[in-house]
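Participant: sequence and predicted structure are below.
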Amino acid sequence: MNYQAKDTRYDSAAFRRCGNSGLKLPEISLGLWQNFSDNDLFSNCREILRTAFDHGITHFDLANNYGPPPGSAEELFGKILEKDFRPYRDEMIIATKAGYDMWPGPYGDHGSRKYLLASLDQSLKRLKSDYVDIFYHHRPDTETPVEESMLALDQAVRQGKALYAGISNYNAEQAGKAIAVLKELRTPFIIHQAKYSMFERWVESGLLDVLEKTGTGCIAFSPLAQGMLTDKYLKGIPDHSRAARNHTSLKPEHLLPGRIEKARKLNELALQRGQSLAQMAIAWLLKDNRITSVLIGASRSTQLLNSLQALENKNFTKEEITEIEAILA
Ligand SMILES: NC(=O)c1ccc[n+]([C@@H]2O[C@H](COP(=O)([O-])OP(=O)(O)OC[C@H]3O[C@@H](n4cnc5c(N)ncnc54)[C@H](OP(=O)(O)O)[C@@H]3O)[C@@H](O)[C@H]2O)c1
């Protein structure tokens, strides 16, 4: 049956301006890193994407290598875009990236102009699109001059193949250098995508300051630490969870007893706040105005709906913040 987006989709959606740019992103965005590959059920993927869009999630995050196999997440998204979302394309922000291993030989990885521009062309074919809204350099490349990688992003925008440029996984110093080049070029550069959660706080020591000073937005990825900041691993590893499945990036050995113990205590606090731990972990990131959007994953639509309820309580008392810090210490 033809998809018709819900008329109510923006009723409870909240948006934040991305740095100093004119672009607003939803407070919660959806990523297709895992759960959207050739190994996943097409109908489930389609339902997750429809549910997201029906609830005001306008931003969908991809990369050339998402799968497996690499490229399959973009292909799947391209198919669903064609079937369901074509009439809504101007309501959507679609991002992709290049920076990890994609094809054999010296031109299929890292940060050369050759790789980045060829990869974007390949991504557009898989996405069945003329342009993406955001094109990222996925990770810093210390062998390629940063000017070369940034000029490639600039060119992608000037060619009309991307509307905005972004960087990901750059540390504070690397980001500062890249942003200086992009400012000189007057590239519409607006965003840094960084791993940030209660369990992964490296951005707090320098990067967020650089982004604030330069008017750059920040989208926080893996906010649930791939599921460890939910209640799912408190009683072992459930069937079908990311840690139980093959070809995923969360392995049973990542579920360290210390982490699970912290998750257990955080879960108790979340319940006192009337939230699930997943909801509290998302709200905790959104308490900082420097965070433009929280980039979640979901393996089914009910999970996504659960995570979206984080927006119903984003306030923390001083006591709650202190308690969270004590648990995480
Ligand atoms: N730039 C980069 O280098 C980079 C790297 C990694 C990710 N990312 C981006 O960030 C996005 C999100 O990453 P992520 O998938 O690691 O994010 P995440 O939100 O930390 O983890 C998502 C997983 O948590 C579980 N989950 C989600 N909502 C839940 C809920 N309400 N209750 C219980 N469990 C829940 C699901 O696990 P189960 O599968 O076990 O159900 C889901 O697959 C990616 O899709 C990608 O777009 C970017």
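Facilitator: Happy to help now that I have it. Residues are numbered from 1 along each chain as shown.
Participant: the nearest residue to Asn171 once chain neighbours are set aside: how many residues sit nearby?
Facilitator: Nearest non-adjacent residue to Asn171, counting by CB to CB, 6 or more residues apart in numbering: Leu207, 6.6 Å away. Glycine gets a C-beta too; all of them are placed from N, C-alpha and C. Leu207 has 23 neighbours, counted by other CB atoms under 10 Å.
Participant: right, and Leu207 touches Ala172 too?
Facilitator: Yes. In this structure, Leu207 is within contact of Ala172 by CB atoms under 8 Å, at 4.5 Å.
Participant: what about Phe135, which SS state?
Facilitator: strand (DSSP: H, G, I helix; E, B strand; the rest coil).
Participant: what's next to the helix or strand Ile94 falls within, contact-wise?
Facilitator: Assigned by DSSP states H and E, Ile94 belongs to strand 93-98. Strand 93-98 is contacted from outside by 23, 25, 58-64, 74, 77, 81, 115-116, 119-120, 123, 127, 129, 132-138, 166, 168, 193, using CB atoms under 8 Å, 6 or more residues apart in numbering.
Participant: can you tell me which of these are up against the ligand?
Facilitator: 61, 138, 168, 193 (CB under 6 Å from any ligand atom).
Participant: show me where the stretch 151-300 of the chain has its helices.
Facilitator: For the stretch 151-300 of the chain, the helices defined by DSSP state H, counting those that start in this stretch cover 172-185, 207-213, 257-272, 277-286.
Participant: the last one packs against which elements?
Facilitator: Here helix 277-286 touches helix 257-272, strand 291-296, helix 301-308, going by 3 or more CB pairs under 8 Å, 6 or more residues apart in numbering; DSSP states H and E.
Participant: sort out which residues of the last one are buried, please.
Facilitator: Residues of helix 301-308 classed as buried: 301, 303-304, 306-308 (neighbour count, 16 or more other CB atoms under 10 Å).
Participant: beta partners of the residue nearest to the spatial centre of the chain?
Facilitator: Geometric centre of the chain, nearest residue: Leu295, 3.6 Å, by CA atoms, centre = their mean. For Leu295, the beta-bridge partners are Ser29, Phe221 (DSSP bridges).
Participant: what parts of the stretch 51-200 of the chain come near the ligand?
Facilitator: Counting by CB under 6 Å from any ligand atom, the residues of the stretch 51-200 of the chain close to the ligand are 61, 138, 168-169, 193.
Participant: going by secondary structure, the residue nearest to Leu30 when sequence neighbours are not counted is in what exactly?
Facilitator: Spatial nearest neighbour of Leu30, excluding adjacent residues (CB to CB, 6+ apart): Ala52 at 4.7 Å. Element membership for Ala52 (DSSP H and E) is helix 42-54.
Participant: got the angle between that helix and helix 301-308?
Facilitator: 30 degrees (axes from the mean of the first three to the mean of the last three CA atoms, to 10 degrees).
Participant: count the residues that sit near the residue nearest to Trp284 when sequence neighbours are not counted.
Facilitator: Of all residues beyond its chain neighbours, the one nearest Trp284 is Met198 (6.0 Å), with distances taken as CB to CB, 6+ apart. Other residues lying near Met198 total 22 when counted by other CB under 10 Å.
Participant: quick one, what contacts Met198?
Facilitator: 225, 229, 266, 281, 284, 324, 328.
Participant: residue contacts, the second one?
Facilitator: Going back to what we said before, that points to Leu229. Leu229 makes contact with 197-199, 223, 263, 266, 277-278, 281, according to CB under 8 Å, 6+ apart.
Participant: repeat that with 10 Å
Facilitator: Counting by CB atoms under 10 Å, 6 or more residues apart in numbering, Leu229 touches 197-200, 222-223, 259, 262-263, 266-267, 270, 277-278, 280-282, 284.
Participant: report pLDDT for Leu256.
Facilitator: With respect to pLDDT, Leu256 scores 89.
Participant: give me the neighbour count for it.
Facilitator: Every residue meeting other CB under 10 Å relative to Leu256 is counted, giving 10.
Participant: gap between it and Ala263?
Facilitator: Applying CB to CB, to the nearest Å, the value for Leu256 to Ala263 is 10 Å.
Participant: same check, this time on Lys183
Facilitator: For Lys183 relative to Ala263 (CB to CB), the value is 41 Å.
Participant: compare the two (neighbour count), which wins?
Facilitator: Neighbours of Lys183 and Ala263, each counted by other CB under 10 Å, are more numerous for Ala263; the result is 25 against 13.
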